[in-house]
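> 3D, please:
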Amino acid sequence: MPAQPDSRPDEDAARARRRRLVWRVGTPAMFILCGALFAVSAEHSGGTDLRGGSYTDLASVVQAERNDTNELTDEVADLTAEIETLTAGLGDRTVNRYQDEIDTLVDPAGLTPRTGPAVKVTLTDAPQDLIETTDRDQNDLVVHQQDIQAVVNAMWRAGATAVTLQGQRVISTTGIKCEGNSVTLHGVPYSPPYEIVGIGAQEEVLASLEDDTYIDIYRQYAADPTGGVGYEVATLPRVTAPAYEGLLDLTWATPMATPSQDNG
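As a prediction, the model looks like this:
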């Protein structure tokens, strides 16, 4: 019986070919996979170390937190010392002196109520029927802002500690403006009669009113037997002038430049 050919060499050759094929295909695939992993790592790390840099262990993290805490503690101590220094300064003599000056000026500035004996002056326009029918100058029959200002100034010259007009406190920056047949005070219009009250030594206030030249002219118009403006004076035993509650800021107009100033 003829001998059969041995098939093992062919099988060995086939296995060898398969191994070579696996290496030829598998090796590039591994390189491609490694490259993909490197790319993903770079994308997620943003160029930083994914292992956490200096925080590779718990001891490093604790030390960093302790350093931050120490810095904040030092900052709190500095701020506390500054507060204590400023607080201590509130009681020094310079601050006390300025506070005393403020307390001294608040009252003359009209920012506190004042109570005491007073003199009241009432100014009124001529009767309306006389104003409508007379041929006399209309300006002689009505009260003007300068009439009110003259009375207020006379009271202040006499040392009045507080002056009110229509119940409102008058201070050094108060503007009294005549608008039509009314007078505007602190932005509020008032019609006659105008009541001006000055708190202070009554004898001195009365003497100052009598000695004022402008008020004397007004009194002559008030004494006209044919009728005219009104003028009445009364003493009050006790009056309270309220504190001034308006604005204290001063404002003023700025002059416009003329053409010659603009050119030169």
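
> just say helix, strand or coil for V76.
helix (DSSP: H, G, I helix; E, B strand; the rest coil).

> same check on P192?
coil.

> show me where the stretch 151-264 of the chain has strands.
162-165, 168-170, 176-179, 182-185, 188-190, 194-199, 230-241 (DSSP state E, counting those that start in this stretch).

> tell me the buried residues in the second one?
If I follow you right, that is strand 168-170. 168-170 (16 or more other Cβ atoms under 10 Å). C-beta coordinates here come from the backbone N, C-alpha and C atoms, glycine included.

> any idea how many residues pack against N70?
10 (other Cβ atoms under 10 Å).

> tell me the mean pLDDT for the helix or strand it falls within?
Using DSSP states H and E, the element containing N70 is helix 58-89. Helix 58-89 carries an average pLDDT of 73.

> got any ranges where the stretch 1-150 of the chain has weak pLDDT?
Residues of the stretch 1-150 of the chain that meet the criterion pLDDT under 70 lie in 1-63, 65-66, 87-110.

> 90 instead?
1-113, 128-140 (pLDDT under 90).

> so for V183, what's the pLDDT?
In the predicted model, V183 carries a pLDDT score of 83.

> if you could redo that for P259, that was the one I meant.
55.

> what's the answer for S172, then?
Predicted confidence (pLDDT) for S172: 75.

> quick one on the thing from earlier: which of the strands of the stretch 151-264 of the chain comes out lowest on mean pLDDT?
strand 176-179 (a mean of 78).

> pull out the buried positions in that strand.
Neighbour-count burial for strand 176-179 flags I176 (criterion: 16+ other Cβ under 10 Å).

> same thing with stretch 225-236?
228-231.

> do stretch 232-251 as well
Going by 16+ other Cβ under 10 Å, stretch 232-251 has these buried residues: 239, 241, 244.

> would you convert those residues into TSV that also reports distance to N67?
As requested, the buried residues of stretch 232-251 are exported to TSV (distance: Cβ to Cβ, whole Å):
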residue	distance to N67
V239	71
A241	66
Y244	59
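
> circling back to that earlier point, and of the buried residues of stretch 225-236, the nearest to L72?
Set against L72, the nearest of the buried residues of stretch 225-236 by Cβ to Cβ is Y231 (75.5 Å).

> any chance of the backbone angles for Q138?
phi -60, psi -30 (degrees, to the nearest 10).

> which non-adjacent residue is nearest it?
Among residues not flanking Q138 along the chain, I131 sits closest, at 6.6 Å (Cβ to Cβ, 6 or more residues apart in numbering).

> that neighbour reaches N139, doesn't it?
No - assessed by Cβ atoms under 8 Å, I131 is found out of contact with N139, at 10.9 Å.

> neighbour count: those two, which is higher?
I131 (15 against 7).

> which SSE is the more buried one in?
Going by DSSP H and E, I131 is part of helix 128-133.

> packing partners for that helix?
With contacts defined as 3 or more Cβ pairs under 8 Å, 6 or more residues apart in numbering; DSSP states H and E, helix 128-133 has no helix or strand neighbours.

> now it: buried residues?
Quick answer for helix 128-133: no buried residues (16+ other Cβ under 10 Å).

> just stretch 177-192 next, same as before
Neighbour counts over stretch 177-192 (16+ other Cβ under 10 Å) mark 183, 185-186, 190, 192 as buried.

> how close does Q166 get to I148?
Separation of Q166 from I148 (Cβ to Cβ, to the nearest Å) stands at 10 Å.

> joint contacts of the two?
By Cβ atoms under 8 Å, 6 or more residues apart in numbering, Q166 and I148 have these common neighbours: Y194.
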